[in-house]
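**Q** what follows is a predicted structure for the sequence shown.
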Number of protein chains: 2
Amino acid sequence: MSKEGIYVSEAVIRRLPKYYRYLDDLEKVGIERVSSKELSRRMGLTASQIRQDFNCFGGFGQQGYGYNVSELKKELIKILGLDKRYNLIVIGAGNMGQALANYVAFEKEGFYIRALFDINPKLIGMTIRDIKIYDLDYLEEYIKMNPTDIAVITTPRQEAQAIADRLVTSGIKGIWNFAAVDIEVPQDVVVENAHISDSLFTLSFKTREDIKLI
Amino acid sequence: MSKEGIYVSEAVIRRLPKYYRYLDDLEKVGIERVSSKELSRRMGLTASQIRQDFNCFGGFGQQGYGYNVSELKKELIKILGLDKRYNLIVIGAGNMGQALANYVAFEKEGFYIRALFDINPKLIGMTIRDIKIYDLDYLEEYIKMNPTDIAVITTPRQEAQAIADRLVTSGIKGIWNFAAVDIEVPQDVVVENAHISDSLFTLSFKTREDIKLI
DNA sequence: TAGATTGTTAATCGATTAACAATC
DNA sequence: TAGATTGTTAATCGATTAACAATC
């Protein structure tokens, strides 16, 4: 962990939440230690890969013993940034926006949805679990007054880029994008796509009987 | 396209829906032809990769011309299996299940949600856009009487594996899994995960300032 | 101590990129 | 025809896997 930063490939990043889930499960059933071999058996990865992945962030294991489950889980929490609290806003209070606002489990991990925004007059003023739905016009002013870490875009795809531009101008550095479109942002802004229709199309592709996966 | 099947890597598969989206956009703004170079500029891929990807499925282009947008889009529809209709059922009529049932756009691509299932007596009997919520006990009988292509799991994670087992026993071959857990199924059943909490954790990781992405 | 398992280096494998002949 | 761009082969790059010395 040099001071100049840790370099991590996308492939490793995608596996990190999965490690966290498995470690959490192991801890819940009371397992105290786990070897990379045992973890590889459970997760369907190779032991080599698991050790390589963890070693991006430092050596958390002990020769002859393996990894302490609780300790490793704690490390993963730190690595993923789940030891912090995040203020979220959701742009678009339709089906997906409301579903996210209703989903309480994110709070357990430190992600708090503080406000929703929409242009629909029928929605504006409503609350979901005490979370207010504001007029989209109020977006910039809201952000100015309320420090916000992550903005979630659940608008129709046509609106997504314009919203992203406004978010970027307002200083938002993390965008979780549910709109089925790739949005362009400056280098210092992180976009994570949750393209669920892409996921569905992938499934329909994989159910083709003439397709063999490599 | 040999009769023994097409072999496609996961990396290629993940790009297919993205190609489809971009081709759809190009068609919508009236662009008739596109070269791999132009498409690479728009999509942020290399032209080489685009040509390689398409050539998994056959040569759709023409030297000196490029690709005909509408034709290529049609090919992608066929490749992704979006020229067919799919009957879907959703297990779990909570936030996410209801949001999916309310999301009409999937129907335009051939995905029809036909029924929801839940154990909550307050939900059973309700309808969402004319889609009935059934008692989960009725799952097997429903599938027996109604040919179903894809089952969507939006239950709490603890229930997901048991549900998957029942779906597999009932002959379901495609599962779209929103539960934050990896489910085990026989080889001939396809699971596509929509692990949105993993996606959020990835975002929180990427917003760490000491992290450099490779 | 002996056995187990890590951290890490080296080897392999697969995916991406480059190059170019074929051809529209 | 000349220019453009594909389809495809070869070169490169990066990720995964294997191997093993270090050590608990």
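**A** Structure received. Residues are numbered from 1 along each chain as shown, chains lettered A, B, ... in the order given.

**Q** how about the helices in chain A?
**A** According to DSSP state H, chain A carries its helices in the segments A:10-28, A:36-43, A:47-54, A:69-80, A:95-102, A:105-108, A:139-145, A:157-169, A:196-206.

**Q** low pLDDT regions in chain A?
**A** A:1-4 (pLDDT under 70).

**Q** cutoff 50 now
**A** A:1-3 (pLDDT under 50).

**Q** show me chain A divided up by domain.
**A** A:10-80, A:86-199 (automatic domain parsing).

**Q** please list the residues of chain A that sit near DNA strand C.
**A** Applying Cβ under 7 Å from any atom of the strand, we find that chain A lies next to DNA strand C at A:35-37, A:47-48, A:51-52, A:54-55, A:59-67, A:214. The way it works is simple: take the backbone N, C-alpha and C, and place the C-beta from them, glycine included.

**Q** contacts with DNA strand D among these, please.
**A** A:S48, A:R51, A:Q52, A:Q62, A:Q63, A:G64, A:Y65.

**Q** export those as TSV, with columns for neighbour count.
**A** Putting these into TSV (neighbours: other Cβ atoms under 10 Å in any protein chain shown) gives the following:
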residue	neighbour count
A:S48	11
A:R51	18
A:Q52	12
A:Q62	11
A:Q63	6
A:G64	6
A:Y65	10
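
**Q** could you report the neighbour count for the closest residue to A:I150 other than its chain neighbours?
**A** Nearest non-adjacent residue to A:I150, counting by Cβ to Cβ, 6 or more residues apart in numbering or on different chains: A:G174, 4.3 Å away. Per other Cβ atoms under 10 Å in any protein chain shown, the neighbour tally for A:G174 reads 21.

**Q** flag every residue of chain A that's near DNA strand D.
**A** Residues of chain A lying near DNA strand D (Cβ under 7 Å from any atom of the strand): A:9-12, A:45-46, A:48-49, A:51-52, A:62-65.

**Q** 10 Å - rerun?
**A** Proximity of chain A to DNA strand D is confined to A:7-12, A:14-15, A:36, A:40, A:44-53, A:55, A:59, A:61-65 under the rule Cβ under 10 Å from any atom of the strand.

**Q** one step back: figure out which of the helices of chain A is closest to B:D135.
**A** helix A:95-102 (22.4 Å; Cβ to Cβ).

**Q** the residue nearest to A:I150 against A:V168, yeah?
**A** No: in this structure A:G174 lies outside contact range of A:V168 using Cβ atoms under 8 Å: 10.9 Å.

**Q** overlap in contacts of these two?
**A** A:V189 (Cβ atoms under 8 Å, 6 or more residues apart in numbering or on different chains).

**Q** who's in contact with A:G94?
**A** By Cβ under 8 Å, 6+ apart, the contact set of A:G94 is A:D118, A:T154, A:T155.

**Q** rerun that using 10 Å as the cut-off
**A** Taking Cβ atoms under 10 Å, 6 or more residues apart in numbering or on different chains, we find A:G94 in contact with A:L116, A:D118, A:N120, A:L123, A:T154, A:T155, A:P156, B:A99, B:N102, B:Y103.
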